[in-house]
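> next comes the sequence, and after it the predicted model I'd like to discuss.
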Amino acid sequence: MIGRILKDLGRINGVNGSLVVGKDGLIIESEVPGDIDAELVAAMASAVFGTAERSAEEIKHEPLEQVMIEGKRGKTLMIDAGEGILVVITDVDVNLGMIRIEMKRSSERVADLLA
Amino acid sequence: MKVTVYGAGNQKLYTDELNLPERYGGEAPYGGSRMAMEFAMAGHDVILAEPSREVLDDEQWSMVEEAGVTVTDNDKEAASEAEVAVLFTPFGKGTFSIAREILPELPEGSVIANTCTVSPVVLYYVLEKELKLERTDVGVSSMHPAAVPGTPQHGHYVIGGRPTAELDMATDEQVSRCAELAESTGKKAYIVPADVTSAVADMGSLVTAVALAGVLDYYYVGTQIIKAPEEMVEKQILMTLQTMASLVETSGVDGMAAAINPELLVKSARSMHLLDEQEELDAALKKISDLNDDVMKWIEGAEVKHTDLVAAQALTGELKTVMGDRAAEGTIRRCMRKMFE
């Protein structure tokens, strides 16, 4: 079921891959290109999201909604999904507004499935 | 109880190389096959899964079967009714692949019990995804013989109970089931935190025993004779153990010994001989003073590699502060898994 959600996200223009990882970095489902080490990315996503969540708490901006890593060659977006984190990997030029809406919707479904 | 033992034990190793009958006594078959025989003789339904027929001779196989054990070479089939699946399997990866293979086949509520070839915590971490997502009913514990089954020294089992870290590895009932199985063979069952079993039951228990003697000696001398604050003494013990462990991790035993410098250590430690009777220190000083030329050359030729000396619990505490509990726990698990995989 989560696999289906990731496949649907993959159909959006500019989305190159996505994962659902546990808050502890364990891969729950993964749809990423073969040249990406999904286990390592999952571990890093958990560390980045966890650190961002702690930073938001410390700065009193909690609860954290999402994290974006913006590189010259692409973006990585992460959003809270209950027991997990939804991670989406995109090209540089993408419709961020639309992706965020889709991620929000998908993350709610993932959160329900993981509950 | 329905029990499956994986791995009969290599009898050539036990009898020809380790010479167990002469050194320790008892009789072949030793190892997993002996555990299976003892479980069967205690009245349990026992399957022994062993793909390599040659690890026992015909007479030994007859003994196993006459004890009431069903022998098979099919690991998956052997799992289907196992209330306890005991892994007396090869060290490391071999055990992980057997555990992964049998996990989907195990009946509801089964418990996988490792023996001496892998820490139950590492086994849990390796199977974690499947255990958390697909088989939440299956537990991981241990039935560590802490001696070679079949020798007179094997009078007890070390059972992995609730770990010191908060991991749901097995239910209390699953742990009790392992203890009950052990006790049914007339042996004592010691339930210890699952993450401590390796230190007290594996072959490395030799190191634990010698280190514990040294720790207790220094703790007594430090707090009672020198009258140093307990906290200071404990910090020094921590630094010493941490330094040695970290150096072994990065540079091997030879690198650790090179960094420590045995000659210097003897001189320093001799000054801590403050009581008439410090047998542990006497024995250690004698042993380290008498290292032969081959050992000294081995140590002198060793490379001391980059080592981050840091108290592990302080580091994990900092990780939890910075990235939160869950992300930090995941990091800790991956580190543990990498050490053994």
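Alright, I've got the coordinates. Model, not experiment: these values are computed from the prediction.
> where does the nearest residue to residue B:298 once chain neighbours are set aside fall, helix, sheet strand or coil?
Sequence neighbours aside, residue B:254 is the residue nearest to residue B:298 in space, at 5.4 Å (criterion: CB to CB, 6 or more residues apart in numbering or on different chains). For every residue, glycine as well, the C-beta is placed using N, CA and C. What DSSP: H, G, I helix; E, B strand; the rest coil gives for residue B:254 is helix.
> residue contacts, residue B:254?
B:298-299, B:301-302 (CB atoms under 8 Å, 6 or more residues apart in numbering or on different chains).
> can you pull out the helices in chain A?
For chain A, helices defined by DSSP state H occupy the ranges A:2-10, A:38-58, A:96-114.
> just curious, which of the contacts of residue B:254 is nearest to residue B:9?
Nearest to residue B:9, judged by CB to CB, of the contacts of residue B:254 is residue B:298 at 31.9 Å.
> tell me how far the residue nearest to residue B:298 lies from chain A.
The gap separating residue B:254 from chain A is 32 Å, by CB to the nearest CB, to the nearest Å.
> restricted to helices, list the contacts of residue B:254.
B:298-299.
> out of the contacts of residue B:254, which are buried?
The neighbour-count test (16 or more other CB atoms under 10 Å in any protein chain shown) marks B:299, B:302 as buried among the contacts of residue B:254.
> residue A:109: which of the contacts of residue B:254 is nearest?
Within the contacts of residue B:254, the smallest distance to residue A:109 is 56.0 Å, found for residue B:302 (CB to CB).
> any idea how far the closest one lies from chain A?
According to CB to the nearest CB, residue B:302 and chain A sit 32 Å apart.
> hang on, the earlier thing: turn the contacts of residue B:254 into TSV, columns for pLDDT.
Shown next, in TSV, are these (pLDDT from 0 to 100):
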residue	pLDDT
B:298	97
B:299	96
B:301	96
B:302	97
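> check residue 1 and give its pLDDT.
With no chain named, the answer covers chain A. In this prediction, residue A:1 carries a pLDDT score of 89.
> wait, I meant chain B there
What the model reports for residue B:1 is a pLDDT of 96.
> and the nearest residue to it once chain neighbours are set aside, what is it in contact with?
Counting by CB to CB, 6+ apart, residue B:1 lies nearest to residue B:44, which is 4.8 Å off, once chain neighbours are set aside. The neighbours of residue B:44, taking CB under 8 Å, 6+ apart as the test, are B:1-3, B:181, B:184.
> before we move on, the earlier item: indicate which one of the helices of chain A is closest to chain B.
Evaluated with CB to the nearest CB, those place helix A:38-58 nearest to chain B, the distance being 2.9 Å.
> next, the buried residues of the closest one.
In helix A:38-58, counting by 16+ other CB under 10 Å, buried: A:38, A:41-54.
> same for chain B: which of the residues you listed are within range?
Restricting those to those adjacent to chain B (criterion: CB under 8 Å from any CB of the partner chain) gives A:43, A:46-47, A:49-51, A:53-54.
> adding pLDDT, write those residues out as JSON lines.
JSON lines is the format used below for these (pLDDT from 0 to 100):
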{"residue": "A:43", "pLDDT": "93"}
{"residue": "A:46", "pLDDT": "96"}
{"residue": "A:47", "pLDDT": "95"}
{"residue": "A:49", "pLDDT": "97"}
{"residue": "A:50", "pLDDT": "96"}
{"residue": "A:51", "pLDDT": "96"}
{"residue": "A:53", "pLDDT": "95"}
{"residue": "A:54", "pLDDT": "95"}
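> residue closest to the middle of the chain?
No chain specified, so I'll use chain A. Nearest to the geometric centre of chain A sits residue A:87, at 1.5 Å (CA atoms, centre = their mean).
> other chain: chain B
In chain B, the residue lying closest to the centroid (CA atoms, centre = their mean) is residue B:198, at 2.4 Å.
> what residues are up against the nearest residue to that residue once chain neighbours are set aside?
Distances taken as CB to CB, 6+ apart place residue B:119 nearest to residue B:198, at 4.4 Å, with adjacent residues excluded. By CB under 8 Å, 6+ apart, residue B:119 lies in contact with B:195, B:197-198, B:202, B:340.
> next one: residue B:69
Each residue near residue B:69 by CB under 8 Å, 6+ apart is listed here: B:33, B:36-37, B:39-40, B:46-48.
> okay, and which of those residues map to helices?
Among the contacts of residue B:69, DSSP H puts B:33, B:36-37, B:39-40 in helices.
> returning to that earlier point: go through the contacts of residue B:44 and say which is closest to residue B:231.
Nearest member of these to residue B:231, counting by CB to CB, is residue B:181, at 42.7 Å.
> that closest one against residue B:159, yeah?
No - counting by CB atoms under 8 Å, residue B:181 does not reach residue B:159; the two are 9.1 Å apart.
> now for these two: what residues contact both?
Jointly contacting residue B:181 and residue B:159 under the rule CB under 8 Å, 6+ apart are residue B:143.
> quick one: mean pLDDT over stretch A:78-98.
Throughout stretch A:78-98, pLDDT has a mean value of 95.
> can you give me the end-to-end span of that stretch?
15 Å (CA to CA, to the nearest Å).
> now do it: distance to the chain's middle.
Here the centre of stretch A:78-98 is set off from its chain's centre by 4 Å, with CA atoms, centre = their mean, to the nearest Å.
> next one: stretch B:190-201
How far stretch B:190-201 lies from its chain's middle: 7 Å, per CA atoms, centre = their mean.
> cool, and stretch B:114-132?
Chain-centre distance of stretch B:114-132: 12 Å, with CA atoms, centre = their mean.
> any buried residues in that stretch, and which?
Neighbour-count burial for stretch B:114-132, counted by 16+ other CB under 10 Å, picks out B:114-128, B:131.
> for chain A, what lies in contact range of chain B?
When proximity is defined by CB under 8 Å from any CB, chain A lies next to chain B at A:22-28, A:43, A:46-47, A:49-51, A:53-54.
> circling back to that earlier point, which pair of the contacts of residue B:44 spans the longest distance?
Largest separation among these by CB to CB: B:2 and B:184, giving 13.0 Å.
> how far off centre is stretch B:237-256?
Remark: stretch B:237-256 is offset 19 Å from the chain centroid, using CA atoms, centre = their mean.
> hmm, back to that, as CSV, the contacts of residue B:69 with neighbour count, pLDDT and distance to residue B:176 would be great.
Shown next, in CSV, are those (neighbours: other CB atoms under 10 Å in any protein chain shown; pLDDT from 0 to 100; distance: CB to CB, whole Å):
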residue, neighbour count, pLDDT, distance to residue B:176
B:33, 29, 96, 26
B:36, 33, 97, 21
B:37, 24, 97, 23
B:39, 28, 98, 16
B:40, 23, 98, 21
B:46, 27, 98, 19
B:47, 24, 98, 22
B:48, 32, 97, 24
